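Trainee: When you get a sec, could you give me coordinates for this:
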Amino acid sequence: MIFIYADLLREDPVAFLVFFGAVVVALLAGISFHEFSHAYLANALGDPTPRLAGRVSLNPLAHLDPAGTVMLFLVGFGWGKPVPVNGRLLRNGEKAGMAMVAAAGPLSNFLLAALAGLPLKFGLVPWLPAFDSRAVNRFIFGTWNPDEYLGLFLSTIALVSIILGVFNLIPLFPLDGHRVVPAFLSDRAAHAYNEFQARWGMGLLFLLLILPFLTGGRFGPLFTVMRPIINALARVFTGIDTDVFG
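Mentor: Purely as a prediction, here's the structure:
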């Protein structure tokens, strides 16, 4: 992700710090709140494992994974340490309980997006996500007001949170969505589904992630599925009347 702003760093170091900082803050907030929500709900449902591991905390240091943090700075997308959960201790039963704990992460991202989006929705600050070249040009070639700086950070937090939430609901291991699906299946079907995910889930996810690069951007089914959902949620949470991804 740092490479996206490489030219900006040469042209305007201050602008680089502002835009890069907006993305990093958004990712740290999204990942930390996401993992905290997993831990909080698991603890609330009777499993003390996350609390004993120090994960019922909003401190980003409790949730950051070293490799995921490095990837955050390099490509703009990272991940946190998985929250340890003992499904057998959840009072709702393992299948339903694990689904609820898993869903808490993406839902927390949508909540964060909704909160960040309130000032945008009421027109208090402008919609200026850090990924938008128009925002970059506006910063370099125009004069920015304090509300526009705030708009930059809130827009970026809202958009990143929506992307994190939608991405994590994909039903492939190790994403949260693969833990939600079994709650809607019979025990036998859920067992077969979990076996399939353990064997093939991560490989399928990796393949879907690299397909756009292998095909020169011509074929990206994962983004094709995610794009309309992200656009719809961005409209709902921020009040914008355009798509964030065309």
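Trainee: After the helix-or-strand element of the chain with minimal mean pLDDT, which helix or strand is next?
Mentor: Of the helices and strands making up the chain, the lowest-confidence element is helix 66-75, at a mean of 67, by mean pLDDT, DSSP states H and E. Scanning the chain past helix 66-75 towards its C-terminal end, the next helix or strand to appear is helix 94-121 (assignment: DSSP states H and E).
Trainee: could you say what helices and strands that next one packs with?
Mentor: Here helix 94-121 is seen to pack against helix 13-44, helix 146-168, helix 177-180, helix 221-238 when contacts are counted using 3 or more CB pairs under 8 Å, 6 or more residues apart in numbering; DSSP states H and E. For every residue, glycine as well, the C-beta is placed using N, CA and C.
Trainee: Can I get the ones you listed in JSON lines including distance to Leu207, mean neighbour count and mean pLDDT?
Mentor: JSON lines is the format used below for the helices and strands packed on helix 94-121 (distance: least, CB to CB, whole Å; neighbours: other CB atoms under 10 Å; pLDDT from 0 to 100):
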{"stretch": "helix 13-44", "distance to Leu207": "24", "mean neighbour count": "21", "mean pLDDT": "88"}
{"stretch": "helix 146-168", "distance to Leu207": "15", "mean neighbour count": "23", "mean pLDDT": "91"}
{"stretch": "helix 177-180", "distance to Leu207": "15", "mean neighbour count": "22", "mean pLDDT": "96"}
{"stretch": "helix 221-238", "distance to Leu207": "9", "mean neighbour count": "17", "mean pLDDT": "94"}
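Trainee: need the ones you listed in a markdown table with distance to Leu118, can you?
Mentor: Shown next, in a markdown table, are the helices and strands packed on helix 94-121 (distance: least, CB to CB, whole Å):
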| stretch | distance to Leu118 |
| --- | --- |
| helix 13-44 | 15 |
| helix 146-168 | 9 |
| helix 177-180 | 27 |
| helix 221-238 | 9 |
